[in-house]
Every structure is written in structure tokens, then in C-alpha cells.
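**Q** What follows is a predicted structure for the sequence shown.
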Amino acid sequence: MTDKLVIVGGVAGGATAAARARRLNENAQIIVLERGPYISFANCGLPYYIGEVIKKRKDLMVTDAESFSKRYNVDVRANSEVVEIDRANRQVVVFNHETGEQYRESYGKLILSPGAEPIRPPFEGVDMDNVFTLRNIPDTDRIKAYVDENKPERAVVVGGGFIGLEMIENLVFRGVQITMVEKMDQVMPPLDYEMAALVQAHMIEKKVDCRLGDGVAALKQNGSGITVETENGNEIDCDMVILSIGVRPETGLARKAGLAIGNSGGVCVDDTLRTSDPHIYAVGDAVEIRHRLTGKPVLIPLAGPANKQGRIAADNVMGRLSVFRGTIGTSAVQVFENTAASVGLNEKTLKTENIPYTAAYTHSGSHAGYYPGAETMAVKLLFSPGTGRLLGAQAVGKVGVDKRIDVLATAIYAGLTVFDLEELDLCYAPPYGSAKDPVNMAGYVGANLLKKDLEKINWDEVAGLDPERTVLLDVRSKIEVRTSGTIDGAVHIPVDELRDRMGELDKNKTHVAYCAVGMRSYLAYKILIQHGFSAANLAGGFRTYLAATEKILLM
């Protein structure tokens, strides 16, 4: 236990650590040094204030220095930047931005919570006044003031991650026409390609000009506006630019102090959040932490883990052994009417880590179809092909996505399998769910694959099928084919006519059945194999295939 704790940085990690430390030790001296003017604010709410979804600026303030200090008896010093750590003497050097004074403060234990900083690439024009990044309240004030005063017509948002998508949505709410420039071939890196395509399709519906596979080369002054020059040679005129390329852990102070830095670029900590110095702990976006599924160190800059780490570090500083058991990266983002959420490992990571996996796709209703307002959500489940242990999940839809991903996050955390998902006893009433919840449905499909009750091919395998050996079989209705189109070369036989029309099919070929989402084609598959045909089901159906391939065409 320490008698004097100094915490560098507030917001999620630092403020949580201070409050927890005080609850554990009423007598300790606790000092919070925050380089900015705000000790604790709703970081994740900043884009929504710019978009005027959150109307009042004060609602962003979780607490102020005076209120926090009074409630927790903590010495809170805003505008006080720690510029150096003297580990030998257990002191920090503090610069007071209000007075210009520099002084030393001793510590018994030190908790670092500096967070992460937005990446600001060194291309030409990045320092122009109408080029913005978003990290804190002053950034928010600058962006909102510019939009309020200048009423920009066009903006370029660089990057299609969390902040980029939230800024796109909220600037559209303010009447700004948006072009998104994303160097990757998809938005939302935690999602796999075909799931991200659903998000992008919705953005296009909202008149967002999505430029994928293209990066920014330079920003050029164009009168009072900006011309964005891209690496592919395109030029985009706009009034303002938002850089949301990502964040990097802010480790300058730790590096200068000689603390160990991991290969990911974050501060190395053990399971108690202790750094390479036994008197110094670190939490939040600046640290690399263990992924529960791979066991490897990762950077996951999310508020949930930061809050938990602040609490755990305070426990250990105050003499109560507590460990952080890693993270699985549960996250969600709202994109207009849609929500995209994910947890665990995606397919890209599983391939990189050489972890065997199988994927299952479902398209289920958010609640009972006969009750008004049901919306379809796409779910992708990733699991071990041997045991069925859950490895990751992604979902995109309008209603109920966050609920299902939270259930799946709990299941992954507990080490459950697809067979457990089949049996999960989830609440059901027509306004809230179905007797077969989307989580159950994902489990059914996954279990069917492992039990060999179903063979599948994925959307990206369709183009490589040999027409001499394989037939695509569209089992949707005539109306669906007429209104939605079909896959080139597919034979159309509605599932209800399949038993009577089997004579039209060649038993020497494999028939890959598909419908809208995979349910009717599963029935077609079962009919075909029990009549001596070789067959497979197109995973996720025509909706998954169309979303992914249409995205390719739009690039």
C-alpha cells in the first residue's frame, strides 16, 4: 500500500483509478495531474455534440476538477503537464500551463494514463486551419465552431474507422456533403470485408461518396477551401478535412523515462498493470494488453478496458492484488440507421495467426416477424472447426445488434461453443426477440457445419467455381429473382418446386444452392443430398454475396 499516489492523466483510466484508490484508502494522498483543462469528459460523445445530437456542451463533462476533488478528496491539478519522470528519486517534473511554473512532485506509486493521440501524417497541408483531428474538448470546440460559423457545404473525412464513421454521420446531420477517403479496401477494420460492405452500402444510401483503396497524398489550399490530392491521382475539393486515420499510444513520457515499450508500440505492463518499474503502473490506450484469445499483446484503445484497468491498477497500488485478464475487443459503432458491432477475432486476424476456424452466416429478425418493426441483422460467427469454441462474431443491422454481440461477448469470455449457443435460454417476447434468437440461429448453423449436416461455400469462392463441375442453383421465388437479380449462370428452381423438377438437374455436378439468406437453400441442400446429389449451400445467401460483390464494383 502506498501513502502517496500520483496519477498522470484523467478521463477514463486516470479518473477511475483515482476514485477507486480513494475508496480503498481514505488516508492516502492522491494527486491527479491533467495537462488539459478537463479532468473527465465523455470522449466517445464528442462527435455527437458536433452533430448536435447532444445539445448541451456541459453534458459532455462527466465531472469537473472542483466536484471530483470535493467528492473524493483528491488533489486535482488541471493544465498541469508531466514532462519528465525521475525514476531514481521517484519524482515527476510538472509544467503548469497557467502560470508557466515548473516544479517537482514526489510519488510513492505512479499511474500513467496518457491515452492515445490521433495520427497526423506529415503530408503537405496537414497544418492548415481547416484541417482537424478529434481527441478532446478543445478539438471538439474548434470543429463545432468552424461548422457553426462557416456552414461548410463539403468535407472530406480521411479514414473509415470508429471516429471517421461517427464524424461522417454527424456532419451529414449538419447538412455537410461528405467524401470519405480510406486507404484500405473497406471501412471498419474490425469487421471482415463482406460485413463491412453492408456498412458501406448503407453509407452510399445516405449519399456519402466512399473512396476506398485510395490514400491522401497532399492537401492544397484552394481559396478558402482545400483540394485533397489522393495517391490515385484524384482531386477532391472541400471546405474542411477531418483526419481520422487512427490513433497511436502516447508513450513519449514513458520512453523518455526508460520504461519498456512493446513491439506494438504500447507501454509494456504485466497482468497487474505494472510497468518495468515496480513503482509505476500504466493503463488505458497507451498500454499494450493481452488478447484473451491469442494470448498476445495488442493495442485496443477502447473506453471499457481503460476503465477496468484504472480500477485494477488502483487495487494493486493500494495493496489489493488484482489482475487484468485481457480483452476481446468488444465494440460497436452507429452509422446512420445501422449499427455495426464485433467481438473477438476477425477472419483476417485468424489467418494471420494461423488459427483454424470456420465461419457461419445468418440473417435473422431483431424480433418476432409478426410484430411490427422487425429488422434483419446479419451475423457472422467464427469458431473452431474441432471443438466449436467461439473465436469471434460480427453483426450489422438496424435494431438489436448490440444486444446480440454482448451475449456473444459473454459466451466468448466464458469459453462457450456453438453447441452452447444452440441451448442458450434467452428472453423472448414479440417486441424484443424471437423464440429462436439470432444468437441461437448462429449456433444452429455453426453446429450444423460441425455435425456435417451442411456443406457450404463462401461468397468469395463463387467466382472460382468450375461450371463444368458445379451448378449455381437459385431457389428463391420468381418475384425475388425478377426484382433483385441473380448470380450470372445460375439455374432458377424455387425451393417449393425442387422435388418435382429434379429431373432438370445433372447428378454428375455439384449444386450450390442459394436463397436470400441461406434458410431455404439449406432446405434445398437437404433435399438434394437425400436424393443422391452432391450439394453445398452458399453461406449467408444472396444478401451476403451481393453486398460484398457490389462493394467491389463500387470501388
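**A** It's in.
**Q** How are the helices of the stretch 301-450 of the chain distributed by residue range?
**A** With DSSP state H, counting those that start in this stretch, the ranges of helices along the stretch 301-450 of the chain come out as 303-317, 347-352, 401-413, 418-423, 438-450.
**Q** mind listing the helices for the stretch 151-300 of the chain?
**A** The residue ranges that make up the helices of the stretch 151-300 of the chain, judged by DSSP H, counting those that start in this stretch, are 162-173, 193-205, 252-256.
**Q** buried stuff in the second one?
**A** I take that to be helix 193-205. Residues 193-203 are the ones in helix 193-205 that count as buried (16 or more other CB atoms under 10 Å). Bear in mind the C-beta positions are built from the backbone N, C-alpha and C, glycine included.
**Q** Same question for stretch 485-503.
**A** Neighbour-count burial for stretch 485-503, with 16+ other CB under 10 Å as criterion, is recorded at 486-487, 490-491, 493-495, 498.
**Q** same deal with stretch 472-481?
**A** The neighbour-count check on stretch 472-481 (16+ other CB under 10 Å) flags 472-477, 480 as buried.
**Q** Farthest pair within those residues?
**A** 472 and 477 (16.6 Å; CB to CB).
**Q** Can you name the residues that contact residue 140?
**A** Neighbour list for residue 140: 46, 49-50, 60, 134 [criterion: CB atoms under 8 Å, 6 or more residues apart in numbering].
**Q** and it, what helix or strand is that in?
**A** Following DSSP states H and E, one finds residue 140 within helix 137-150.
**Q** buried residues in that helix?
**A** Neighbour-count burial for helix 137-150, with 16+ other CB under 10 Å as criterion, is recorded at 137, 140, 143-144, 146-147.
**Q** Now do the strands in the stretch 101-250 of the chain.
**A** Counting by DSSP state E, counting those that start in this stretch, the segments of the stretch 101-250 of the chain that form strands are 102-106, 109-112, 116-118, 131-132, 154-158, 177-182, 209-212, 216-222, 225-230, 235-238, 240-243, 247-249.
**Q** Same list (the ones you listed) but as TSV, adding mean pLDDT.
**A** Output for the strands of the stretch 101-250 of the chain, formatted as TSV (pLDDT from 0 to 100):
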stretch	mean pLDDT
strand 102-106	96
strand 109-112	96
strand 116-118	86
strand 131-132	94
strand 154-158	97
strand 177-182	96
strand 209-212	94
strand 216-222	93
strand 225-230	94
strand 235-238	96
strand 240-243	96
strand 247-249	88
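**Q** Helices of the stretch 451-555 of the chain, start to end?
**A** When secondary structure is read from DSSP H, counting those that start in this stretch, the stretch 451-555 of the chain shows helices at 478-484, 519-529, 541-554.
**Q** what residue lies at the spatial centre of this structure?
**A** Closest residue to the average C-alpha location of the chain: residue 331 at 4.6 Å, with CA atoms, centre = their mean.
**Q** ok, it - contacts?
**A** Under the criterion of CB under 8 Å, 6+ apart, the contact partners of residue 331 comprise 162, 190, 302, 341-343.
**Q** Show me where the stretch 1-150 of the chain has its helices.
**A** If you assign secondary structure with DSSP H, counting those that start in this stretch, the helices in the stretch 1-150 of the chain sit at 11-24, 46-50, 65-72, 137-150.
**Q** and residue 288, which of those is closest to it?
**A** Across those, residue 288 has its closest neighbour in helix 11-24 (14.1 Å, CB to CB).
**Q** Residues touching the closest one, excluding its own?
**A** Helix 11-24 has contacts (CB under 8 Å, 6+ apart) with 5, 7-8, 10, 28, 30, 32, 34, 39-41, 43, 62-63, 68, 72-74, 111, 113, 115, 283-285, 303, 306-307, 309-311, 313-315, 317-318, 320.
**Q** Can you give me the neighbour number for the nearest residue to residue 63 once chain neighbours are set aside?
**A** Take residue 63 and drop its neighbours on the chain: the residue closest to it by CB to CB, 6 or more residues apart in numbering is residue 40, 5.0 Å away. Burial of residue 40, expressed as a neighbour count using other CB atoms under 10 Å, amounts to 23.
**Q** For residue 136, see how far away residue 40 is.
**A** Separation of residue 40 from residue 136 (CB to CB, to the nearest Å): 12 Å.
**Q** Any regions of this structure where pLDDT drops low?
**A** Across the chain, the stretches falling below the confidence threshold (pLDDT under 70) are 1-2, 551-555.
**Q** Please name the residues that touch residue 493.
**A** Counting by CB under 8 Å, 6+ apart, residue 493 touches 473-475, 501, 504-505.
**Q** can we see that at 10 Å?
**A** Residue 493 makes contact with 473-476, 499-502, 504-505, 511, 513, 524, according to CB atoms under 10 Å, 6 or more residues apart in numbering.
**Q** Residue 517 too?
**A** 361-364, 376, 378, 540-544.
**Q** Most neighbours of all these, which one?
**A** Going by other CB under 10 Å, residue 540 tops the contacts of residue 517 with 29 neighbours.
**Q** you'd agree that one is up against residue 547?
**A** Yes: using CB atoms under 10 Å, residue 540 is in contact with residue 547, at 8.8 Å.
**Q** Pull up the overlap in contacts between those two.
**A** Shared contacts of residue 540 and residue 547, defined by CB under 10 Å, 6+ apart, are found at 194-195, 378, 459.
**Q** of all the residues you listed, which two lie farthest apart?
**A** Spatially, the most separated pair among those is 378 and 459, at 11.9 Å (CB to CB).
**Q** shared neighbours of those two, which are they?
**A** Among the neighbours of residue 378, those also in contact with residue 459 (CB under 10 Å, 6+ apart) are 194, 197, 361, 540-541, 543-544, 547.
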